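S.K.: show me the folded form of this:
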Amino acid sequence: MKKHLTDQKIGIIVQIIDGWTGKLTWNLLIAKVEPVCGLYSRQGLEKHSRIKSAFNSRKSHVRNERGSSIAHLSDVEAKLLERLERVEAENRRLTKENNDLLGQFVRWQYNASAKGLAENNLNAALPSIDRELTSARKPKKKVSGMTNFKRAKDE
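M.R.: Residues are numbered from 1 along each chain as shown. Got it, this is the predicted structure:
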């Protein structure tokens, strides 16, 4: 099993969920994700809020579909309908994520004001990074072995 999901892999998994048609279970999702991102457990996928939210949203949407038959549509129409459903699912998911983030900002605003932070403190620019100083330094010698580690630590 893989250890960590990167933001890029989470995005890929969420896109897979957005385009899902038919029955959706964690086992089916894991099987679909494995060739693309590697093997992850249900718990590993479910602990990421974006994946869990997209999964639950798509699962409820699939449940509410009443067996809409696309058998009578041409191949082009079926592909367009599938793409439309994927885009609509992505739109619903992004709207929910946006609302969740807006709620998070409201919490942050309240907590910041409760701690006495003003808006100008929160909007202050980040300190600049002096890249010249970093590149002007001499590269450190590589330390190997425990004795060198102790010596470097004592310095």
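
S.K.: please count neighbours and contacts with C-alpha atoms only from this point.
M.R.: OK.

S.K.: got phi/psi on K23?
M.R.: phi -60, psi 140 (degrees, to the nearest 10).

S.K.: how many neighbours does it have?
M.R.: For K23, the neighbour count with other CA atoms under 10 Å is 10.

S.K.: before we move on, what about G116?
M.R.: Using other CA under 10 Å, the number of residues around G116 comes to 10.

S.K.: show me the shaky parts of this protein.
M.R.: By pLDDT under 70, the low-scoring segments of the chain are 1-2, 65-71, 133-155.

S.K.: what are the boundaries of the helices in it?
M.R.: Assigned by DSSP state H, the helices in the chain fall at 7-18, 26-37, 42-46, 49-64, 75-114, 119-122, 131-136, 145-154.

S.K.: need the ones you listed in JSON lines with mean neighbour count, can you?
M.R.: Shown next, in JSON lines, are the helices of the chain (neighbours: other CA atoms under 10 Å):
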{"stretch": "helix 7-18", "mean neighbour count": "17"}
{"stretch": "helix 26-37", "mean neighbour count": "14"}
{"stretch": "helix 42-46", "mean neighbour count": "15"}
{"stretch": "helix 49-64", "mean neighbour count": "17"}
{"stretch": "helix 75-114", "mean neighbour count": "14"}
{"stretch": "helix 119-122", "mean neighbour count": "10"}
{"stretch": "helix 131-136", "mean neighbour count": "8"}
{"stretch": "helix 145-154", "mean neighbour count": "10"}
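
S.K.: find the nearest non-adjacent residue to G19, please.
M.R.: R86 (4.5 Å; CA to CA, 6 or more residues apart in numbering).

S.K.: now S49: how far from S128?
M.R.: S49 sits 33 Å away from S128, going by CA to CA, to the nearest Å.

S.K.: one more: D75?
M.R.: Distance, D75 to S128, using CA to CA: 55 Å.

S.K.: many thanks, we can stop here.
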